[in-house]
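Novice: structural data only, the sequence is not supplied:
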């Protein structure tokens, strides 16, 4: 016996599953043909879809930001995000103006006027945003790590209380943290430019 066959439901399909789990087989009741889709192909398609959610520009070391300092009348803010399992891009704003979407494994750079700024990280079609303030000095570069808010991950394991917290928490899915330049430059070596 090649695989177990499920009973048909009206004019629906018969689905055969190999007990070893390596092939899905679909057969029409009206036709006597079988098509096999190996799981390795389904897995490859899944990986390709996820790859579309990662930064794909040049690596940090290949950009002018790694070689050129910020001008004396501007402040530079470099946002970066490690490779994580969250497929959603983070929309970044400075003083209400969108500067770009930061994908997993990516970085964005913004040269801005010195002075106080309100920086916001949000995700499209979700509730809440994470906001922080930065008083930027002329001629300085600031490195801001964008990372998952781990407490939001726990909500799914908390039952009804977690459901309540999911909708009550307006702090967004990601957090912003100012990082030491030495640590940031090491992290940036592996990251690619995100879309702007």
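Specialist: Done, it's in. All figures in this text were calculated on a predicted structure; none of them were measured in a lab.
Novice: the residue lying closest to residue 126 once chain neighbours are set aside: neighbour count?
Specialist: Leaving out its chain neighbours, the residue that sits closest to residue 126 by CB to CB, 6 or more residues apart in numbering is residue 173, at 6.3 Å. Heads up, the C-betas are built off the backbone N, CA and C, glycines and all. Using other CB atoms under 10 Å, residue 173 has 20 other residues around it.
Novice: residue 173 reaches residue 86, doesn't it?
Specialist: Yes - the criterion here is CB atoms under 8 Å, and residue 173 meets it with residue 86 at 7.2 Å.
Novice: what do the two both touch?
Specialist: Counting by CB atoms under 8 Å, 6 or more residues apart in numbering, the residues touching both residue 173 and residue 86 are residue 148.
Novice: and the next element down the chain from the helix or strand hosting residue 108?
Specialist: Assigned by DSSP states H and E, residue 108 belongs to strand 106-112. Downstream of strand 106-112, the first helix or strand assigned by DSSP H and E is strand 115-122.
Novice: what's the residue nearest to residue 126 in contact with, if anything?
Specialist: Per CB under 8 Å, 6+ apart, neighbours of residue 173: 86, 88, 90, 123, 126, 128, 130, 148, 149, 152.
Novice: quick one, what contacts the residue nearest to residue 120 when sequence neighbours are not counted?
Specialist: Take residue 120 and drop its neighbours on the chain: the residue closest to it by CB to CB, 6+ apart is residue 93, 4.4 Å away. By CB under 8 Å, 6+ apart, the residues touching residue 93 are 99, 119, 120, 122.
Novice: got the end-to-end distance for stretch 100-113?
Specialist: Its first and final residues considered, stretch 100-113 spans 17 Å by CA to CA, to the nearest Å.
Novice: for that stretch, which positions count as buried?
Specialist: Within stretch 100-113, the residues scored as buried using 16 or more other CB atoms under 10 Å are 100, 101, 102, 103, 104, 105, 106, 107, 108, 109, 110, 112.
Novice: and which of those residues is nearest to residue 74?
Specialist: Nearest to residue 74 out of those is residue 112 (CB to CB; 6.5 Å).
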